[in-house]
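*Asks:* sequence and predicted structure below; questions after.
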Amino acid sequence: MISFVIPAHNEEDLLPATLRALETAARPLGHPFEIIVVNDASTDRTDAVARGHGARVVEVEHRHIAATRNAGAREAIGELLVFIDADTRVTEAVVRSAVEAMTQGAVGGGCAFRFDGRLPLYARALQAVAVPVYRMARIASGCFLFATREAFEAVGGFNEGMFGAEEAAMSRSLRRQGRLVVLREAVTTSGRKLRAYSGREVLGTMARLALSGGRSVRRREGLDIWYGERRPDPESEP
């Protein structure tokens, strides 16, 4: 059984495309699967959208991505866990490769990624650099991370002492359990944050996280890109 776990906070607009793409990708694989949407303190119709697309909904009030993902994993019944962000569209190729990697001995991994829509120059440069760096460092991006249940439970799940960079910590932990792979297949994730925030804001946040030695991700404050009030996507404005 494959369990797809999707954390979601106020994602009624983008969640439908994510669920449609996942359903289309998973059905041809021939494996039983379930889709779990972990609805984290949403004030919109995220739960109704998820149920309308046949997903099982887990309700939490964390506003904490690591805890929300762990809540979904606890409810999952599959031996193969795939964590997908609510604004990320997968393909059959990437899901198939992830499942094959785990059935052939990998403890987990991630994949390449691309942002949708028009991106500012700084964001295009960031994407060009980030994908090969993630592959060389063997780090799974947060938008698509997979692990066997055995390995996931062996490392204690996502580190709930972290409000960000939890996927990097998970990747390091999984590597201690066995082989972690970063697939060449790509998912498409939303570029809305890169359009809504300036290069100075995004790169400044990244620099502060790097210079703090990880201390900055131990609290929600200062992580407005992920936890602040959501800014409108300029590309979606009339």
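*Replies:* Received it, and whenever you're ready, just let me know what you need. Numbers count the residues shown, from 1 in each chain.

*Asks:* now the residue nearest in space to the middle of the chain: how far from Ala17?
*Replies:* Centroid-nearest residue in the chain, with C-alpha atoms, centre = their mean: Cys143, separated by 2.6 Å. Cys143 is 14 Å from Ala17, where distance means C-beta to C-beta, to the nearest Å. The C-beta positions use only the backbone N, C-alpha and C, and glycine is treated the same way.

*Asks:* and what of Leu121?
*Replies:* Noted for Leu121: a distance of 26 Å to Ala17, by C-beta to C-beta.

*Asks:* tell me where the chain has helices.
*Replies:* Using DSSP state H, the helices of the chain run over 15-26, 46-52, 65-75, 92-103, 121-137, 149-154, 166-175, 192-196, 199-211, 224-227.

*Asks:* mean pLDDT lowest for which of the ones you listed?
*Replies:* When the helices of the chain are compared by mean pLDDT, helix 199-211 comes last with a mean of 86.

*Asks:* list the buried residues of that one.
*Replies:* By neighbour count on 16 or more other C-beta atoms under 10 Å, the buried set for helix 199-211 is 202, 205, 209.

*Asks:* just those residues now: which is nearest Pro232?
*Replies:* Pro232 has its nearest neighbour among the buried residues of helix 199-211 in Val202, at 16.4 Å by C-beta to C-beta.

*Asks:* now the longest strand along the chain: buried residues?
*Replies:* Criterion DSSP state E: the longest strand present in the chain is strand 180-189. For strand 180-189, a neighbour-count test (16+ other C-beta under 10 Å) marks 180-183, 185-189 as buried.

*Asks:* if I pick Ala147, what's in contact with it?
*Replies:* When contacts are counted by C-beta atoms under 8 Å, 6 or more residues apart in numbering, Ala147 touches 81, 102, 107-109, 170, 174.

*Asks:* I'd like the residues you listed written out as TSV, with distance to Trp226 and neighbour count added.
*Replies:* Output for the contacts of Ala147, formatted as TSV (distance: C-beta to C-beta, whole Å; neighbours: other C-beta atoms under 10 Å):
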residue	distance to Trp226	neighbour count
Leu81	22	25
Met102	28	23
Val107	26	23
Gly108	22	29
Gly109	23	24
Met170	16	29
Leu174	22	26
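
*Asks:* of these, which pair is most distant in space?
*Replies:* Met102 and Met170 (14.8 Å).

*Asks:* now, the most widely separated pair of the buried residues of strand 180-189?
*Replies:* Maximum distance among those (C-beta to C-beta): 22.3 Å, for Leu180 and Thr188.

*Asks:* quick one: the closest residue to Gly161 other than its chain neighbours from Ala76, how far?
*Replies:* Distance criterion C-beta to C-beta, 6 or more residues apart in numbering; nearest residue to Gly161, sequence neighbours excluded, is Arg218 at 6.2 Å. Distance of Arg218 to Ala76, given as C-beta to C-beta: 27 Å.

*Asks:* the more surrounded of these two?
*Replies:* Legend: neighbour count by other C-beta atoms under 10 Å for Arg218 and Ala76, higher for Ala76 (22 against 13).

*Asks:* Tyr134: which of the buried residues of strand 180-189 is nearest?
*Replies:* Checking the buried residues of strand 180-189 against Tyr134 by C-beta to C-beta gives Val182 as the nearest, at 6.1 Å.

*Asks:* list the contacts for the closest one?
*Replies:* Val182 makes contacts with 109-112, 134-135, 138-140, as judged by C-beta under 8 Å, 6+ apart.

*Asks:* mind listing the residues bridging to it?
*Replies:* Residues in a beta bridge with Val182, per DSSP bridges, are Gly110.

*Asks:* okay, now the closest residue to Ala48 other than its chain neighbours: neighbour count?
*Replies:* Counting by C-beta to C-beta, 6+ apart, Glu12 is the residue found nearest to Ala48 once chain neighbours are left out, at 7.8 Å. By other C-beta under 10 Å, 17 other residues sit near Glu12.
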